[in-house]
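[1] Make a model of this:
(2 chains)
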Amino acid sequence: MPIVAHPSEIVETIEMIRYLKFDVRAATLSLSLMDCATSDLKLMLSLVEEKLKSILPGFVEAVDEVAERFGVPIVNKRLSVTPLSVLAEPYASKSLEDGRRALVELASTIDSTVGECDVDYVGGFSAYVARGSTPGDQALLSCIADVLSSTERLFSSINAAQTGIGVNVDAIYEVSKQVKRLSELTPKGIGCVKLGVFANLPEDVPFMPGAHHGPNMPSEALHIAISGPGVVEHAIKARCQGKSLTEVFEEVKRVVFKITRAGELIGKEIAERIGVKLCTVDLSLAPSPTIGDSVADIIEAMGVESFGAPGTLAALALLTEGLRRGGAMATTNVGGFSGVMLPGSEDLGLTDAIKRGSASLWCLVACCSICSTGLDMVCIPGDTPVEVIAGLMADVLSIGVMNSKAVGVRVIPVPGAKPGDEVDFGGLLGRSVVLDVGGFTPRDFICRRGEIPHYKHRW
Amino acid sequence: MSTSLEDKELIVVTVVGADRTGIVAGITNVLAGLNVNIEDISQTVLRGFFAMILIADMSKATCSLRELREKLEVKAKELGVEVFVQHASIFRAMHRV
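    Residues are numbered from 1 along each chain as shown, chains lettered A, B, ... in the order given. Sure thing, here's the model as predicted:
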């Protein structure tokens, strides 16, 4: 019996890391800022800054040490905080303008402090508004574009729909306006990558833009996001030639178990070093814009000629179920989205499929019924009307509400771009093709405003 | 009395590249110089390349894992191979239930 593992198992791990892009996408520290809440703005800003500076350096050091120890890259160090709408409440209750001012200053303080501490991203410019909104929520919704265009690392998530509550079209309309404004304020509309609107947003997401310190959490916790589309694609190509779908499913389960166990070990080690609880491991298969790290390529490796062809949803279902079964056995607490992600510009295989004409906007909407992040990183023409953006959001969020699943929308109206134009965002944001939203509008439907109620038997 | 497995700080050093004279000697010399004790050596193939796997105990090492990796990477560059240094627990976690 080998003292560590069989040599073939050792080289399998090396192969995953060296050749198949296996990494931990993010270690996300989830932090409550409720102890900083006060109606004295100056005091609140200094409490927040002090708290972040006392905790973040140790977190960053622990992540670097653990990545070094196990030889597994940890791509991002992230922070998620209490939804800032909550901290804005005392100010917004006085006036909307006071609330906005507090939020702008709070966002700026958090953004710069996080940057000084070498944390890559911070999530929590967030609000829960499925049922309705408080003054703090309204202040936040009204200044998303201003805040995200003037900060670097801050992300925003709005939970505007919930199973058992419904879809808040008023909130969606407001977010759509912010998306449109953000696209005008930032080059190529790139600021829109920092804003997502969600249904059933999990409170323990380690991925941006959804990450925030939600309810049901201890004051501090750690979430881990693993990533290995390349590992799964290779496993199917190398070991499933001529095999049945059942055997492909087994193979997906087997490799996801392994990469999730690595994530769990890494998470436990970081959590122990900084003295917090490892809350969850998010099993999501998250692509990155490098060759061999694509979910669309996995679907094609299974035998669908080009992503988007009939059979795509079935293949995604097999992949999602295999992922969850393998991952659930490997970690105690599965969290976040834990599904298959299809971020438009970040998945090069998907970008190719769009270019080939096999994946349309409506194909991606249909994928939202199975994939976890929904309509994500999708480029649309810059002149798309606000009501069309709101209609898309309402459609996708309705899929989430009616099917009790987490789902979101992150669209990028690219100024001046027309359907078919290619857009390169650079780096980890990748490149994509502008999709056709069609020539018709849901304006009269969206402008009725109000909500789409949903009932779920709860007792 | 031999040291039990729990007292050891086991690491896995994997060297990947074209097989040639001097690789084993080059790598093991670095380990010996830093008082890292070799427990097991095996070899296999990774993507058509020679892969040497050394299991070693760092509990009495005179350097940190980071320093060891840096020194091994310098040596690997000289030898024209790639080297990976990892704590052994990652392999147990991934390959044992």
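[2] name the helices or strands packed onto the top helix by length along chain B?
    Identified as the longest helix of chain B according to DSSP state H is helix B:65-79. Packing partners of helix B:65-79 (3 or more C-beta pairs under 8 Å, 6 or more residues apart in numbering or on different chains; DSSP states H and E): helix A:41-70, strand B:10-17, helix B:23-33, strand B:82-87. Yep, even glycine has a C-beta here, placed from its N, CA and C like the rest.
[3] Spit out the contact partners of A:Glu174.
    By C-beta atoms under 8 Å, 6 or more residues apart in numbering or on different chains, the contact set of A:Glu174 is A:Leu141, A:Ser142.
[4] and what of A:Gly123?
    A:28, A:78-81, A:154-157, A:205, A:208-212 are the contacts of A:Gly123 under C-beta under 8 Å, 6+ apart.
[5] Run through the bridge partners of the spatially most central residue of chain B.
    Nearest to the geometric centre of chain B sits B:Val13, at 2.0 Å (C-alpha atoms, centre = their mean). For B:Val13, the beta-bridge partners are B:Leu54, B:Val85 (DSSP bridges).
[6] wait, doesn't it sit right on B:Leu54?
    Yes. Assessed by C-beta atoms under 8 Å, B:Val13 is found in contact with B:Leu54 at 4.3 Å.
[7] closest to A:Ile55 among the contacts of A:Gly123?
    Comparing the contacts of A:Gly123 against A:Ile55 with C-beta to C-beta places A:Leu79 closest, at 9.0 Å.
[8] Look at that closest one and give its secondary structure.
    Following DSSP: H, G, I helix; E, B strand; the rest coil, A:Leu79 is assigned to strand.
[9] from the chain's centre, how far out does stretch A:265-280 sit?
    The chain centre lies 21 Å from the centre of stretch A:265-280; the measure is C-alpha atoms, centre = their mean, to the nearest Å.
[10] now swap in stretch A:449-459 and tell me
    Counting by C-alpha atoms, centre = their mean, stretch A:449-459 comes out at 25 Å from the chain centroid.
[11] how about the residues of chain B that lie near chain A?
    B:5, B:10, B:12, B:14, B:16, B:39-40, B:42-47, B:51, B:53, B:55, B:65-66, B:69, B:82, B:84-96 (C-beta under 8 Å from any C-beta of the partner chain).
[12] And A:Thr151, how close does it get to chain B?
    34 Å (C-beta to the nearest C-beta, to the nearest Å).
[13] before we move on, what about A:Gly71?
    Applying C-beta to the nearest C-beta to A:Gly71 and chain B gives a distance of 4 Å.
[14] Give me the spatial nearest neighbour of that residue, chain neighbours excluded.
    B:Gln86 (3.8 Å; C-beta to C-beta, 6 or more residues apart in numbering or on different chains).
[15] So that neighbour is in contact with A:Ala67, correct?
    No. In this structure, B:Gln86 is not within contact of A:Ala67 by C-beta under 8 Å, at 10.6 Å.
[16] Between the two, point out the one with more neighbours.
    B:Gln86 (23 against 20; other C-beta atoms under 10 Å in any protein chain shown).
[17] where does A:Asn76 fall, helix, sheet strand or coil?
    At A:Asn76 the chain is in strand, as set by three-state DSSP.
[18] nope, A:Ile17 is what I was after
    With three-state DSSP as the criterion, A:Ile17 reads helix.
[19] Near it, how many other residues are there?
    When neighbours are counted by other C-beta under 10 Å, A:Ile17 comes out with 20.
[20] Then B:Asn35?
    B:Asn35 has 13 nearby residues by other C-beta under 10 Å.
[21] Help me confirm that it is found in a strand?
    No. Looking at B:Asn35 with three-state DSSP, it is coil, so not inside a strand.
[22] how much space between it and chain A?
    19 Å.
[23] isn't that residue right up against B:Lys60?
    Yes. Here B:Asn35 lies in contact with B:Lys60, judged by C-beta under 8 Å, at a distance of 5.3 Å.
[24] which non-adjacent residue is nearest the residue of the stretch 251-400 of chain A found nearest chain B?
    Residue nearest to chain B within the stretch 251-400 of chain A (C-beta to the nearest C-beta): A:Leu265, separated by 4.1 Å. Excluding the flanking residues, the one nearest A:Leu265 by C-beta to C-beta, 6+ apart is B:Ala93, at 4.1 Å.
[25] now do B:Lys8
    B:Asp57 (4.5 Å).
[26] how about the one you found, what does it touch?
    By C-beta under 8 Å, 6+ apart, the residues touching B:Asp57 are B:Thr3, B:Lys8, B:Glu9, B:Leu10, B:Ile11, B:Val36, B:Asn37, B:Glu39.
[27] Give me the below-cutoff pLDDT ranges for chain A.
    A:1-2 (pLDDT under 70).
[28] quick one on the thing from earlier: quick one: residues contacting the residue nearest to A:Leu265.
    B:Ala93 touches A:Arg261, A:Ala262, A:Glu264, A:Leu265, counting by C-beta under 8 Å, 6+ apart.
[29] so what's A:Val378 bridging to?
    Bridge pairing for A:Val378 - DSSP bridges - gives A:Val411.
[30] what's the burial count for it?
    By other C-beta under 10 Å, the residues close to A:Val378 number 26.
[31] Over to A:Glu387?
    18.
[32] tell me the secondary structure for it?
    Looking at A:Glu387 with three-state DSSP, the answer is helix.
[33] Check A:Ile224 too.
    strand.
[34] so what's it bridging to?
    The partner residues for A:Ile224, given DSSP bridges, come to A:Ala27, A:Val281.
[35] what do you get for A:Phe198?
    Bridge pairing for A:Phe198 - DSSP bridges - gives A:Asn159, A:Gly408.
[36] Now for it: which residues touch it?
    Contacts of A:Phe198 by C-beta under 8 Å, 6+ apart are A:157-161, A:210, A:374, A:397, A:400, A:406-409.
[37] That one and chain B, how far apart?
    32 Å.
[38] what's the answer for A:Lys237, then?
    Taking C-beta to the nearest C-beta, one finds A:Lys237 at 13 Å from chain B.
[39] Let me see the contact set for residue 88.
    Here I'm looking at chain A. A:Ala88 neighbours (C-beta under 8 Å, 6+ apart): A:Gly99, A:Ala102, A:Leu103, A:Leu106, A:Gly136, A:Ala139, A:Leu140.
[40] Correction: the question concerned chain B.
    Contact analysis of B:Ala88 by C-beta under 8 Å, 6+ apart lists A:Val4, B:Leu10, B:Ile11, B:Val12, B:Ile55.
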